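Engineer: okay, predicted coordinates and the sequence, questions at the end:
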2 protein chains.
Amino acid sequence: MRRLTAVLSMMVAGQMLYAQEKINLEVINKIKAEGTTNSQVMDIAFHLTDANGPRLAGSPGYTKAANWAKESLGKWGLVNNALEPWGEFGKGWELKKSYVAMTAPYYKPLIAYPKTWTKSTAGLKNAEVLLIEATDSVGLTRYAGKLKGKVLLIYKGDTLRQTFKADAVRYTDEELNKMAAAQPQAQQQRRPQVDPNDTAAVRRMREQMARQGGGAAQVLNILKTMAEKEGAIALLSSSPRGHDGTLFVQGGGSYAVGAPDNFLDIMLTHEDYLSMCRLIKKGVPVKLDVDVKSEFNQKDTKGYNVVAEIKGTDPSLKDEIVMLGGHLDSWQSATGATDNAAGSAVMLEAVRILKALNIQPRRTIRIALWGGEEEGLLGSRGYVKNHFADPATMELKPEHAKFSSYFNIDNGTGKVRGIYLQGNDKVKDIFTQWLTPFHDMGAKWVTISNTGGTDHQSFDAVGLPGFQFIQDPIEYNTRTHHTNMDSYDHLIPEDLQQISVIVASFVYNAAMRDEKLPRKELPQPRGAGGRGF
Amino acid sequence: MRRLTAVLSMMVAGQMLYAQEKINLEVINKIKAEGTTNSQVMDIAFHLTDANGPRLAGSPGYTKAANWAKESLGKWGLVNNALEPWGEFGKGWELKKSYVAMTAPYYKPLIAYPKTWTKSTAGLKNAEVLLIEATDSVGLTRYAGKLKGKVLLIYKGDTLRQTFKADAVRYTDEELNKMAAAQPQAQQQRRPQVDPNDTAAVRRMREQMARQGGGAAQVLNILKTMAEKEGAIALLSSSPRGHDGTLFVQGGGSYAVGAPDNFLDIMLTHEDYLSMCRLIKKGVPVKLDVDVKSEFNQKDTKGYNVVAEIKGTDPSLKDEIVMLGGHLDSWQSATGATDNAAGSAVMLEAVRILKALNIQPRRTIRIALWGGEEEGLLGSRGYVKNHFADPATMELKPEHAKFSSYFNIDNGTGKVRGIYLQGNDKVKDIFTQWLTPFHDMGAKWVTISNTGGTDHQSFDAVGLPGFQFIQDPIEYNTRTHHTNMDSYDHLIPEDLQQISVIVASFVYNAAMRDEKLPRKELPQPRGAGGRGF
């Protein structure tokens, strides 16, 4: 942990120009003590990961974790704890067996994981791997009629290149100072930038590319249709990011009720994938054993968020709410420890801390753990639409006026270094002061910038103050985000304790403040088809 | 690649005090051109890895690779190419199937690889995992009678900790300067230090610990005996080094002819291992599917090296030999790309280059690719004993007097930065001059130090000049050395080209030099039981 003294005195001097925030340091210190000495955040994380399994939206694992969270919230004394439906999700999916091995030219067990919502092999198949070399639909025609019983491998001529960079990193002061020095951008204030981690955004770009008839995506879509029609066994995938045994693996197609089950698409390590490309390219036949069993579930196709409250005690403010949350759902190939059991665990721990201290907040504090985030912030968007406003029409519901702010965590296990203002300059001085007690824990930077790809955007989209904290990246982009390695051991206990304490304090400050947090101007309605993030 | 000019002028000045080596820069430049413009080193590596599979000593994969190398050497015009037996090895072993998955409390395919020379499950077994918490033999008694049909997991309370260091690194000039500044140590000259990478040495230390009744090793041995007797299914293992999907996995017991097949011991990632420890410790039952099939092979229990020659042409020197080599055998869980297809490929490429240039060496150049290195430098020790001398008696055979030097590569894919002198100060100036044409390729450091753990030690042990080059570590210690990730894509083509060129040049210089390379004093006989390295 770095101690940051150089800039501090300047910042404190700067604060004098603004209104002074009342900060109850006695309570903050109690929060720090409870969140470190009596921390339960790793025990909570254990229950959401190891003990629970993957928490894919719509899957039994998600429901199990949501119920555990709801019951725990009740035990800690929160009220109105519930699984609240946010709307229609789609099909559940769960992996029941996955065995993939090379059997020729020699035996090798492969590190493999099927993409979610893809279907089974109906037992063990031994199949030849067919190398597909095509850059457009015309190139694919020469494979027509040859796919039956084959495993398909689209040629890639890559080789891996070591990065010579550490997988796990923390932000340097220099990087954080640069973020803090960013200027507001007119465009940014209107619309968040597309974040590469926003799978919904990425999917839409991919769909757009496919509609435009663009290369690889088009080839892939046509090939899958041919494969399904001719009776191929499976398609193999890889990503240059997925090496050393780490797989980046997400969805393999539609999860909508009524949509046909997707063709089996199996993610491999880039090493195994490229090895097979080289072998077949050089004329060596490759065969695989593939035995995949997945289970689709349509018993309950609704999506759910977990919600619970600590009721406000000030007669004039108790109907106003301060929210905290993070998404509870995950991808399927691990237990989603950093994405986002971490965020869920620290939010649960934050309210546990506040209840353990028996704080009497003036406003109501409401925790929400979202479902369906990975498929496009579905849980939080549904919730915001049901409770506050539909961004399409911007017709405001009564709760919109009673809302103070929402605080989100969804960037892994790394400790908080500060907060993104989402272009809301009016909260800059407030948050700068709120961070003062945490300078010695490494958190002090405030940036006007947006960050995208997660649930605070659902609030921001209807003009409500929604914020995400700046977190140290650790291994998020290299090893854990949407990978088979996103498991309990990739969490850092001290960092999660620090986050819990800071979140609990921010929520406490927001609940005790005389005024709600200041807002940006209301956005324009986006229209029925509009999707701004 | 770093350019090193600062120290160069000083070193060149220093050389003037010594005898001037004749360096044929015209030939060196031709070697550089052939080894870069026409390099075949990656094609050779492909054949030893992707196309061949693992090359465990005694396995069909080793034999296949050895025959491919022998035939390629013949095609390039080398003579006396042969698979030369070096002595008795033991049992071959090959993995035919490995499927390991957690089935309760939820389904998860596990990244797993059985240790070599361990036996099969006889089909698919679904078994409960039994957590063993014992620090000594007394602690184990409470598990007596409870092991039948169980998979055994010895409790570890670790958690993973990110290193925040890069997996792949190169030596800095500072590190290399420090190595070059090392002073000869009296002890070093007598006996190489134990190297942590020397599996034979490590095994002996472990055996010694076991004999002394020391904790973990003793518990493990007793547990395996109990497991075998009671009919347990398998034992699980892990290592803190094995994370993110990378497994460090080696042998699981004796490969001696007549030894009983070893109890099944399966290496898992540390994440999966620790997750199961936590689950069972907190009272959650864990079940696994295990289906392992391995095949032992005792048709030919001898060990073999691959040898071939470029005959010397100087009538007075052609019976003298210069050798180059590296071990061809590997561990089983990958194709041993950096350990040591890399070393084998560059040695093959080096002699290919020399033949392609039709050089006429004064001395005979002999390549040797060793078998059984991973089990204790067996192939090279056997070869040295058969051809030169037995270190136990130090009775010298006639070839001992005709030997110039041996050059070895066995530290992965990283380019050459210099050479270890193995305590032989008399070659310092020679090698310093030989490296001069390669300063612009990053190789210039000479250190008096020893390096251990590989086949040059077999020569050094009988007083013959045997040398290993200093190589950049790259991912050797973090990702590839004895792992399931030691595959083709972890090789760096430019580095292997550089090594090939430097080795070919060193061998050429040694073959053309008026004198053989100077030797250290002959070591004392070690006695029949003595094992110095």
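Structural biologist: Everything's here; your move.
Engineer: for the rest of this, base every contact and every neighbour count on C-alpha atoms.
Structural biologist: Fine.
Engineer: which stretch of helix or strand covers A:A308?
Structural biologist: Using DSSP states H and E, A:A308 maps to strand A:302-310.
Engineer: try A:K30
Structural biologist: Of the helices and strands defined by DSSP H and E, A:K30 is found in helix A:25-37.
Engineer: from the contact counts, what lies against that helix?
Structural biologist: helix A:342-356, helix A:493-512 (3 or more C-alpha pairs under 8 Å, 6 or more residues apart in numbering or on different chains; DSSP states H and E).
Engineer: how about the first one as PDB, C-alpha atoms only?
Structural biologist: If I follow you right, that is helix A:342-356. Provided in PDB are the C-alpha atoms of helix A:342-356 (Å, rounded to 0.1, in the frame of the first residue of the first chain):
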ATOM      1  CA  ALA A 342     -15.900  -9.700  -5.300                       C
ATOM      2  CA  GLY A 343     -18.300  -6.800  -5.800                       C
ATOM      3  CA  SER A 344     -21.200  -8.700  -4.400                       C
ATOM      4  CA  ALA A 345     -19.200  -9.800  -1.300                       C
ATOM      5  CA  VAL A 346     -18.000  -6.300  -0.500                       C
ATOM      6  CA  MET A 347     -21.600  -4.900  -0.900                       C
ATOM      7  CA  LEU A 348     -22.900  -7.600   1.400                       C
ATOM      8  CA  GLU A 349     -20.000  -7.000   3.800                       C
ATOM      9  CA  ALA A 350     -20.700  -3.200   3.700                       C
ATOM     10  CA  VAL A 351     -24.300  -3.600   4.900                       C
ATOM     11  CA  ARG A 352     -23.200  -6.300   7.400                       C
ATOM     12  CA  ILE A 353     -20.800  -3.800   8.900                       C
ATOM     13  CA  LEU A 354     -23.400  -1.000   9.000                       C
ATOM     14  CA  LYS A 355     -25.900  -3.400  10.800                       C
ATOM     15  CA  ALA A 356     -23.200  -4.700  13.100                       C
END
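Engineer: how about that helix: buried residues?
Structural biologist: A:342-355 (16 or more other C-alpha atoms under 10 Å in any protein chain shown).
Engineer: please apply the same query to the longest one.
Structural biologist: By neighbour count on 16+ other C-alpha under 10 Å, the buried set for helix A:493-512 is A:493-512.
Engineer: okay if I get the helices and strands packed on helix A:25-37 as CSV plus distance to chain B and mean pLDDT?
Structural biologist: As requested, those are exported to CSV (distance: least, C-alpha to the nearest C-alpha, whole Å; pLDDT from 0 to 100):
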stretch, distance to chain B, mean pLDDT
helix A:342-356, 16, 98
helix A:493-512, 10, 98
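Engineer: with distance to A:D410 added, can I get the ones you listed in JSON lines?
Structural biologist: Compiled in JSON lines, those are given as follows (distance: least, C-alpha to C-alpha, whole Å):
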{"stretch": "helix A:342-356", "distance to A:D410": "5"}
{"stretch": "helix A:493-512", "distance to A:D410": "11"}
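Engineer: per-residue confidence at the residue nearest to A:P114 when sequence neighbours are not counted?
Structural biologist: Nearest residue to A:P114, sequence neighbours excluded (C-alpha to C-alpha, 6 or more residues apart in numbering or on different chains): A:I266, at 4.1 Å. A:I266 is assigned 98 on the pLDDT scale.
Engineer: from the contact counts, what lies against the host helix or strand of A:I266?
Structural biologist: Per DSSP H and E, A:I266 falls inside strand A:265-268. In terms of contacts (3+ C-alpha pairs under 8 Å, 6+ apart), strand A:265-268 is packed against strand A:112-114, strand A:234-237.
Engineer: tell me what angle the helix holding A:K30 forms with helix A:493-512.
Structural biologist: Interaxial angle, helix A:25-37 versus helix A:493-512 (axes from the mean of the first three to the mean of the last three C-alpha atoms, to 10 degrees): 150 degrees.
Engineer: buried ones in the following helix or strand past helix A:25-37?
Structural biologist: Sequence order places helix A:41-48 as the next helix or strand after helix A:25-37, per DSSP H and E. Neighbour-count burial for helix A:41-48, with 16+ other C-alpha under 10 Å as criterion, is recorded at A:41-42, A:44-48.
Engineer: ok, so of these, who is nearest chain B?
Structural biologist: A:F46 (8.5 Å; C-alpha to the nearest C-alpha).
Engineer: state the distance from that closest one to A:N52.
Structural biologist: The gap separating A:F46 from A:N52 is 8 Å, by C-alpha to C-alpha, to the nearest Å.
Engineer: pLDDT weak spots in chain A?
Structural biologist: A:1-18, A:185-214, A:529-533 (pLDDT under 70).
Engineer: mind running it again at 50?
Structural biologist: For chain A, the stretches flagged by pLDDT under 50 are A:1-16, A:187-198, A:212.
Engineer: can you list the domains in it?
Structural biologist: Chain A breaks down by automatic domain parsing into domains covering A:24-89+A:301-512, A:93-163+A:197-297.
Engineer: what residues does the stretch 351-500 of chain A have near chain B?
Structural biologist: Proximity of the stretch 351-500 of chain A to chain B is confined to A:479, A:485, A:487-490, A:492 under the rule C-alpha under 8 Å from any C-alpha of the partner chain.
Engineer: let me have these in TSV, extended by secondary structure.
Structural biologist: TSV is the format used below for those (DSSP: H, G, I helix; E, B strand; the rest coil):
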residue	secondary structure
A:R479	helix
A:M485	coil
A:S487	coil
A:Y488	helix
A:D489	helix
A:H490	helix
A:I492	coil
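Engineer: may I see the residues you listed arranged in CSV, with neighbour count and distance to B:V290 as well?
Structural biologist: Shown next, in CSV, are those (neighbours: other C-alpha atoms under 10 Å in any protein chain shown; distance: C-alpha to C-alpha, whole Å):
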residue, neighbour count, distance to B:V290
A:R479, 25, 27
A:M485, 26, 21
A:S487, 27, 22
A:Y488, 27, 23
A:D489, 23, 24
A:H490, 24, 26
A:I492, 21, 31
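Engineer: which one is A:F164 nearest to, not counting chain neighbours?
Structural biologist: Excluding the flanking residues, the one nearest A:F164 by C-alpha to C-alpha, 6+ apart is B:A168, at 4.8 Å.
Engineer: then A:V346?
Structural biologist: A:S500 (4.7 Å).
Engineer: ok, now which ones touch that neighbour?
Structural biologist: Neighbouring residues of A:S500 by C-alpha atoms under 8 Å, 6 or more residues apart in numbering or on different chains: A:35, A:41, A:346-347, A:349-350.
Engineer: in the residues you listed, find the pair that's most separated.
Structural biologist: Farthest-apart pair in these is A:G35 and A:M347; separation 11.7 Å (C-alpha to C-alpha).
Engineer: for chain B, what's the nearest residue on the stretch 51-200 of chain A?
Structural biologist: Closest residue of the stretch 51-200 of chain A to chain B, C-alpha to the nearest C-alpha: A:A166 (3.6 Å).
Engineer: just the stretch 401-533 of chain A next, same as before
Structural biologist: Nearest to chain B in the stretch 401-533 of chain A, going by C-alpha to the nearest C-alpha, is A:D489, at a distance of 5.4 Å.
Engineer: beta-bridge partners for A:Q468, please?
Structural biologist: Listed beta-bridge partners, A:Q468: A:N408 (assigned using DSSP bridges).
Engineer: how about the contacts made by it?
Structural biologist: So A:Q468 contacts A:407-410, A:419-420, A:451, A:456 (C-alpha under 8 Å, 6+ apart).
Engineer: change it to 6 Å
Structural biologist: A:Q468 makes contact with A:407-409, A:420, according to C-alpha atoms under 6 Å, 6 or more residues apart in numbering or on different chains.
Engineer: close to chain B: what parts of the stretch 51-200 of chain A are there?
Structural biologist: By C-alpha under 6 Å from any C-alpha of the partner chain, the residues of the stretch 51-200 of chain A that approach chain B are A:96, A:107, A:159-160, A:164-166, A:168-169.
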